[in-house]
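J.: okay, here's the prediction I keep looking at, along with the sequence it came from:
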Amino acid sequence: MKKVRSEDDGQENQAYKALLTLLDDGETLVHKLPKQRAVEIQSKGNIEGASDNEEEEESDDEIQVEDDNEGDCKDPFEWHFASADLENVDTPTKWKSVKRQLVELGSRSVLQLPDPAIDLGQVPKVSGIGSLKLKYRIIKPFEQVNPELSSLQTELAGPLFGYQDIFVSNRTWENAQQIQNLYVLHAMNHILKTRDRILKNNNRLSADTNLEPKDQGYTRPKVLFLVPTRNSAVKLVETIIAVSGLSQIESKKRFMGAFNEKTEPAGNKPEDFQQLFAGNTNDLFCLGIKFTRQAVKLYSSFYSSDIIVASPLGLRMIIGNEGDKKREFDFLSSIELMVVDQLDAIQMQSWENLTHIFRHANLMPKESHGCDFSRIRPWYLDQKAKLLRQTVLVSAYTTPEMSNLMSKQCLNIGGKLRCRLEYHGSMATIGARIRQVYHRLPPVSFDREANERFDYFTNVLLPGLLRGASHDGTLVFIPSYLDFVRVRNYMEKHNHSFVVLSEYTSQSQVSRGRTYFADGRSKIMLYSQRLHHFRRYNIKGCKNIVFYGLPDNPKFYQEIVRFLARTSIEKGIDPDLLRVQVAYSKWDSLKLERIVGSNRVGPLVEGLNDMYEFF
Amino acid sequence: MPKSFKELGVIDILADACETLKFKTPSPIQEQSIPYALEGRDIMGFAATGSGKTAAFALPVLQALYENPQPLFCCVLSPTRELAHQTAQQFQALGSTMGVKTTVIIGGEDQMQQAVALSKKPHIIVATPGRLLDHLEKTKGFNLRYLKYLVLDEADRLLDMDFKEPINKILAVIPKDRHTYLFSATPSKEIEQLQRASLRNPVRVQVSNRITTVDTLLEYYLFTPLKHKDATLVYILNELAGKSIIVFVNTKDEGTRIPLMLETLKFSVVPINGNMSQSARLGALNKFRAGNKSILVATNVAARGLDIPQVDVVINYSVPDNAAEYVHRVGRTARAGRSGKAITMCAQYDVVRYTNIEKEVHGDKKLPEYPIDKEGVMLLMGSIDEAQRQAKISMARLHEKMGKRPGFKKRKRGDDEDE
């Protein structure tokens, strides 16, 4: 992907170097005297997430005791994290599914609860901001940001504030801010509750040393936000600052300098692309944020941070690989809320980085990092932190990888809500009459599916095209890069006239390829899904389109099929001569559903025929 | 004379546990110390190893815990890591019915895991002094402010191993108002000092004045020229095939070489020595204990406190340094009323050392010579030559590897070849 964004290479290099220096210092990060460390960082310049360990005295006397809901069995914070019943919980082996008809999040949503059920109290009924158990001092700031809960927020707030895992599968650029406001509010609320409890107990302890309150984890970071780009990090951090209600922000200038950029993609691209690729699109960063009573401190050292904001790549570089000399992931040991926003964009970057992070979350730390063992919550000691962590995944659509992540890595015993929508199908709104033929691959097991698809393409689809009167302007869309390479090698071997457009193709070759294809000098174009994600080209000269596999994003399908509509208008070709062919298998049912609609996917996957045509 | 644990005042639940562990009648040290301990007195006990010391302090501690349950109730200080594990096992076995939680805190294992184990508030901590002090100083949130019982096990050895300073520091941070038991194989001036520092008005319990061996043990010596030592060892091992045997050596080098040689000769043998990591040592010990390996070749590390009840024979490949060491070594067999055999191999250079030990342990009584067929030994010489050569080659390779490893520290004792 790096190649695609050559324009911000310089930026990236700088960040790389900064990160490497940080890794070099990984070990000293913890042990060195705070003052020394801070000075060192200054001299090294712009380092993301570097430390300034000045742990200033936080004034304890300001705590409003009446604001603490200790023992309040109606507060989810209490029953989820402090309940005595947690002693006996075990990793759930079975989950029971309950259907949930949600208006905004999806009418076919499913709530999964451990079976046998673990009684952790009731998910609260939400009627408005007042019904959430919020810290007083963030209610006003939040109301300024978000005066009233929208119907989507009201629906989401129940499971979110009830500490259940949630998979939101209908993020759009329109509702993104609503969702973000809400999860930031929840995160702030969680952090303040944890922090206030600890400070209150510090007070109590200084009066009576015999008390042994259990109120913390191994390390301080409680919330992890994963977002794809620096630009999305800026938006997130701004929301965090707004909701916190604090006016004093440390290192904000430095942060804005490194993260903010006023660039906008070309205006003719779709709106979601505009949103995702606006500003700084660098995907290498990891930032610690710490709250004190008066201030928000950006660039706090990881171990003294409350929130970690990172890109999967940035955090993965710090976690390191097995066998690396410098590795650091103890600061992920006590994450209690993990939010992954724009999961679809993250999957376009690299899925492996994300799973790597999930595998390293909530492990027992290698070192103590000065934690007070007498105050660690017992379920941390029993290594059950994974079972209590709340994970919130926000995506525009579901892929099998995401579902797998939800089943394998989200073990919250409070339950997990998988939102599923009723789709009408993006096919319906293409706006042109174009013949679309769907070929169903023979049903085979998942690991043999790729071979089957390749065989079908080389034996049926491709010869069919070549036999036809003209195969000029054939665009082959290939979602997976592995398949892409395989098809490219095959085409090369058989001396077909074709051009290649993938995320690894250089800019000049892309331009040349597009021109040749538009002129008809090259008859076939191989076009990868990732390239479309990063560029959203409008390819000229398409007369035939073959979907080697369907795109994950239903919008891509629309956009690509519209290439044909464009040809028909520009060149005055009868739309009946243009054709779309799709190869699909039963493993594609998620993608298929978004494109053809929920009511058609059943017959397409299970019907008697192997070929379906749409007009 | 009381005949059972119950009559000593031990509560039913513990007496039953003793029965399931096949402790039928109390051993002399248990018989003498338990009643005083149950009265709440401090105890200072002298007894040879294998005389049931562990139960002598474990039973009163568990009984007090039963009457007054409390986390971090008792701390046992132990000189070696192996002994600490064994003591903890015994506590666990005796206290399993009352749900006692024990934790072992020793060097060479992960600090973080231990910190977590400590914060789960076990009732009993069995520890080596150095690491325990480490946790007291560094692990935030851990303290022994409410400790009720302290046990100094094998106190002579604790002092031998330079644990005096950590022990003093530990004594400074635990409550003065507590019960303390001190056990040792031998009385000495330093022990008396330690006693004054830590015990209050203790009852002195002594099972036998002189350090000596138990009656069920058959002891032999075997005079053999240094040159024929290996051959003689192999000859004896052949004769005693099928029995579980510990061979004690004085240096780590021998502790490595002899197992290599015996392995070449197809003996089922496993080493335990200071060159091995903690987990490897425990692994070796478990293999031997489970009977997978019938011969254990051990240096001094294993000499103390290892309770391996099935040992039939102890062979001193080299004469130990002093009488106490000798008693500890041969004390590995003939434990808890069983019979056993001990053979000490004595070369021409060891005669003086050997006679001194013999005199100290047995007074004027001379030990019988172990009968062997010298001709038979000579017949073995040929095959042993080859095995010795093979062992030397492997050793050289091993040394090379260790020399290359950057973190390898040169050992002070035992690695003669390096010097």
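T.: Arrived safely, thanks for sending. Note that this is a predicted model, so its numbers are computed, not measured.
J.: low-confidence stretches in the stretch 101-250 of chain B?
T.: Within the stretch 101-250 of chain B, the segments meeting pLDDT under 70 span B:208-215.
J.: sec struct for residue 118, please.
T.: Going with chain A. Of the three states, A:I118 takes coil under DSSP: H, G, I helix; E, B strand; the rest coil.
J.: look at chain B instead
T.: Applying three-state DSSP: B:L118 is helix.
J.: from B:I384, how far out is it?
T.: 51 Å (CB to CB, to the nearest Å). For the C-beta atoms, the positions are set from N, CA and C on the backbone; glycine is no exception.
J.: and what of A:G572?
T.: 101 Å.
J.: same check on A:S107?
T.: 84 Å.
J.: and the pLDDT for B:V301?
T.: Among the per-residue scores, B:V301 shows a pLDDT of 65.
J.: typo on my end, B:A347
T.: pLDDT, B:A347: 82.
J.: right, and it touches B:T224 too?
T.: Yes - B:A347 is within contact range of B:T224, at 6.4 Å (criterion: CB atoms under 8 Å).
J.: still on that earlier bit, who has more neighbours out of A:G572 and B:I384?
T.: When A:G572 and B:I384 are compared on other CB atoms under 10 Å in any protein chain shown, the one with more neighbours turns out to be B:I384, at 21 against 7.
J.: now the helix or strand hosting the more buried one: average pLDDT?
T.: For B:I384, the host element (DSSP states H and E) is helix B:374-404. For helix B:374-404, mean pLDDT is 78.
J.: list the contacts of the residue of the stretch 101-250 of chain B found nearest chain A.
T.: Across the stretch 101-250 of chain B, no residue is closer to chain A than B:G141, which sits at 3.2 Å (CB to the nearest CB). Residues in contact with B:G141, defined by CB atoms under 8 Å, 6 or more residues apart in numbering or on different chains, are A:371-376, B:119.
J.: could those go into CSV alongside neighbour count, secondary structure and distance to A:L411?
T.: Output for the contacts of B:G141, formatted as CSV (neighbours: other CB atoms under 10 Å in any protein chain shown; DSSP: H, G, I helix; E, B strand; the rest coil; distance: CB to CB, whole Å):
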residue, neighbour count, secondary structure, distance to A:L411
A:C371, 25, coil, 23
A:D372, 17, coil, 27
A:F373, 20, helix, 25
A:S374, 18, helix, 27
A:R375, 20, helix, 25
A:I376, 21, strand, 20
B:S119, 23, helix, 23
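J.: including distance to B:I105, could those residues go into CSV?
T.: Formatted as CSV, the contacts of B:G141 follow (distance: CB to CB, whole Å):
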residue, distance to B:I105
A:C371, 18
A:D372, 18
A:F373, 13
A:S374, 16
A:R375, 20
A:I376, 18
B:S119, 12
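J.: show me what from chain B comes close to chain A.
T.: B:111-113, B:115-116, B:118-120, B:138-142 (CB under 8 Å from any CB of the partner chain).
J.: among those residues, give me the pair with the biggest separation.
T.: Pairwise distances across those (CB to CB) peak at 17.8 Å, for the pair B:K120 and B:K138.
J.: got phi/psi on A:L337?
T.: phi -140, psi 120 (degrees, to the nearest 10).
J.: OK, contacts around it?
T.: By CB under 8 Å, 6+ apart, the neighbours of A:L337 are A:186-187, A:190, A:222-224, A:389-390, A:392.
J.: over to A:R204?
T.: A:211, A:213.
J.: against which helices or strands is the helix holding B:I384 packed?
T.: Applying 3 or more CB pairs under 8 Å, 6 or more residues apart in numbering or on different chains; DSSP states H and E, one finds that helix B:374-404 contacts helix B:229-239, helix B:252-264.
J.: to A:Q383, which of those helices lies closest?
T.: Judged by CB to CB, the one of the helices and strands packed on helix B:374-404 that comes nearest to A:Q383 is helix B:252-264, at 37.6 Å.
J.: count of neighbours near A:Y397?
T.: 22.
J.: show me the domain layout of chain A.
T.: A:6-43+A:54-59+A:67-92+A:181-395, A:426-614 (automatic domain parsing).
J.: chain B now?
T.: B:6-206, B:217-404.
J.: can I get those domains in JSON lines with distance to A:E328?
T.: Putting those into JSON lines (distance: least, CB to CB, whole Å) gives the following:
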{"stretch": "domain B:6-206", "distance to A:E328": "15"}
{"stretch": "domain B:217-404", "distance to A:E328": "26"}
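J.: wait, which of those domains is closest to A:L475?
T.: Closest among the domains of chain B, using CB to CB: domain B:6-206, at 56.4 Å.
J.: my guess is A:W95 is in a strand, correct?
T.: Yes - counting by three-state DSSP, A:W95 is found in a strand.
J.: contacts only, for the closest residue to it other than its chain neighbours.
T.: Nearest residue to A:W95 in three dimensions, chain neighbours excluded: A:Q112, at 4.3 Å (CB to CB, 6 or more residues apart in numbering or on different chains). Taking CB under 8 Å, 6+ apart as the criterion, A:Q112 is in contact with A:95-98, A:415-418.
J.: same check on B:Q206?
T.: B:45-47, B:187.
J.: likewise for B:V311?
T.: B:244-246, B:332-333, B:335, B:340.
J.: next helix or strand past the longest helix belonging to chain A?
T.: Counting by DSSP state H, the longest helix found in chain A is helix A:176-207. Following helix A:176-207 in sequence order, the next helix or strand is strand A:223-226 (DSSP H and E).
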